[in-house]
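Undergrad: Have a look; sequence and predicted model below, questions after that.
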Amino acid sequence: MIDVVVVGGGPVGLYLAALLLQSGVSVRVLERRAEPNTHSRAIGIHPPALEALDGIGVAARLVSDGVRIRRGVAIGGGVEVAEMSFDAVSGTYPFVLSVPQSRTEAVLEQRVRGLDCGAIRRGVTVTGIHDDGSAVAVDLLTPAGESRIHASLAVAADGARSTVRQRLGAPAPLKVYPDRYLMGDFADSTEFGPDAALFLEAAGIVESFPLPGGVRRWVARLRGADPDAHTAGSLARMVRERTGIVIDAGTNSMLSSFGVRSRLVKRMIHGRISLIGDAAHEISPIGGQGMNLGWLDASELAPLILGRLARTAREREFGNFESHRLQAAAKAARQSEINMALGRPLPAPLWNVRNRLIAGAAGVPAINSRVAARFTMH
């Protein structure tokens, strides 16, 4: 019997596996996908998460691979409304790191395999999970057929549609928002360099973030539910109409449309089974906090796992962990709701008022610093 089964081989599951393996714990990561992720997906790594990733020796490599976003600007009607610097948010990592999720996962997977070449099992579907009070049994479907693996503890990091959460019947009320977005990665033709730019336009927000290799991500809030609008050309058109910036649709390397939901479990600890990351709390991608929340969940859970395996952990420690992490997720959800509200379409008079209010608040150093800290999860 192994020590810990981690269900889900995404960035959160891989990070937890590395933390545990380097502490001498035996781990198996069960991942449904047969091949590694190649999608850029989540790109922002915040300072607290970089500090956590440094604990497994991968932060420096990711920083060398990514773009350091030290400043964000808000623009409305072609005029700079506000500026936000991240220089004071962290002594070690005074920036938000932009790096494709595919690269992040590749670095994490290499670290895990370096610690235990057999720790990751791909092409595995979890069909059941059972906690008898002394161990956990996980039922699997593999290309070779059905099997079962036994472990002292199990952690579900299997995403927003978590199979483990469903198998546990864990209550997790779902909230659906009216907001929809279209995002894509294109060759960078702007002069923003490593800066992030938010265009607060009356027709809806447009967000722009640098990526490595001369690429820039664009995210636009959609108006209506026209399925024909979900193309690289339509995104380029929205960007041009709202910002005046011309991007070449032919350089598109990733395109995705998404709606927004939020979900927060009532409990993260279920006996010998824990839920972390999106399996425990799904929040809006606007603000880029979801993946980072999962890493911080894992960082706080790992010492408790070690304590439970050593029979030194106390139950109240798990209760404190659960309370703290659910509070952090609720705070992030509130921040994402504010971010979405600021980006919704507005009639011209209200749009002018909103932008003037943002400019006034940003001009107060104490408010500007506090907002920068909130945006970077400090």
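TA: Received, thanks.

Undergrad: Please, where are all the helices along the stretch 201-350 of the chain?
TA: 232-243, 290-309, 315-342, 348-362 (DSSP state H, counting those that start in this stretch).

Undergrad: Residue ranges of each domain in this protein, please.
TA: The record's domain parsing of the chain by automatic domain parsing lists 2-43+100-172+265-338, 175-260+341-375.

Undergrad: now the lowest-mean-pLDDT helix or strand in the chain, how far from the centre of its chain.
TA: Sorting the helices and strands of the chain by mean pLDDT, DSSP states H and E puts helix 365-375 at the bottom, at a mean of 87. Taking C-alpha atoms, centre = their mean, to the nearest Å, one finds the center of helix 365-375 at 21 Å from the center of the full chain.

Undergrad: and if you look at stretch 137-155?
TA: With C-alpha atoms, centre = their mean as the basis, the mean position of stretch 137-155 lies at 27 Å from the chain mean.

Undergrad: Need the winner for burial among the helices of the stretch 201-350 of the chain.
TA: helix 290-309 (a mean of 22; mean count of other C-beta atoms under 10 Å). In short, each C-beta sits where N, CA and C put it, glycine included.

Undergrad: does Arg28 have beta-bridge partners, and which?
TA: On the basis of DSSP bridges, Arg28 is bridged to Val5.

Undergrad: That one against Val5, yeah?
TA: Yes. Counting by C-beta atoms under 8 Å, Val5 is a contact partner of Arg28 at 5.3 Å.

Undergrad: who's more crowded, these two?
TA: Between Arg28 and Val5, counting by other C-beta atoms under 10 Å, Val5 is the more crowded of the two (27 against 21).

Undergrad: list the contacts for the more buried one?
TA: Val5 is in contact with Val27, Arg28, Leu30, Val136, Val138, Ile149, Ala151, Leu153, Ala154, Val155, counting by C-beta atoms under 8 Å, 6 or more residues apart in numbering.

Undergrad: how does it look with 6 Å?
TA: Arg28, Val138, Ala151, Ala154 (C-beta atoms under 6 Å, 6 or more residues apart in numbering).

Undergrad: what do you get for Ala42?
TA: Gln101, Met291 are the contacts of Ala42 under C-beta under 6 Å, 6+ apart.

Undergrad: That one sits in which helix or strand?
TA: Using DSSP states H and E, Ala42 sits in no helix or strand.

Undergrad: Can you give me the distance of it to Gly290?
TA: In this view, Ala42 and Gly290 are 7 Å apart by C-beta to C-beta, to the nearest Å.

Undergrad: Now do the SS call for the residue nearest to Met1 when sequence neighbours are not counted.
TA: Spatially, and ignoring its direct neighbours in sequence, Met1 is nearest to His150 (4.6 Å; C-beta to C-beta, 6 or more residues apart in numbering). Classification of His150 by DSSP: H, G, I helix; E, B strand; the rest coil places it in strand.

Undergrad: Please name the bridge partners of His150.
TA: Ala137.

Undergrad: hang on, it packs against Ile2?
TA: No. Look at His150 against Ile2 with C-beta atoms under 6 Å: they stay out of range, at 7.5 Å.

Undergrad: Pull the number of nearby residues for Gly214.
TA: 10.

Undergrad: Reformat the contacts of Val5 as JSON lines; add distance to Phe186.
TA: Shown next, in JSON lines, are the contacts of Val5 (distance: C-beta to C-beta, whole Å):
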{"residue": "Arg28", "distance to Phe186": "39"}
{"residue": "Val138", "distance to Phe186": "42"}
{"residue": "Ala151", "distance to Phe186": "44"}
{"residue": "Ala154", "distance to Phe186": "41"}
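
Undergrad: Distance to Arg223 and pLDDT for those residues - can I get that in a markdown table?
TA: Shown next, in a markdown table, are the contacts of Val5 (distance: C-beta to C-beta, whole Å; pLDDT from 0 to 100):
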| residue | distance to Arg223 | pLDDT |
| --- | --- | --- |
| Arg28 | 46 | 98 |
| Val138 | 45 | 98 |
| Ala151 | 49 | 98 |
| Ala154 | 44 | 98 |
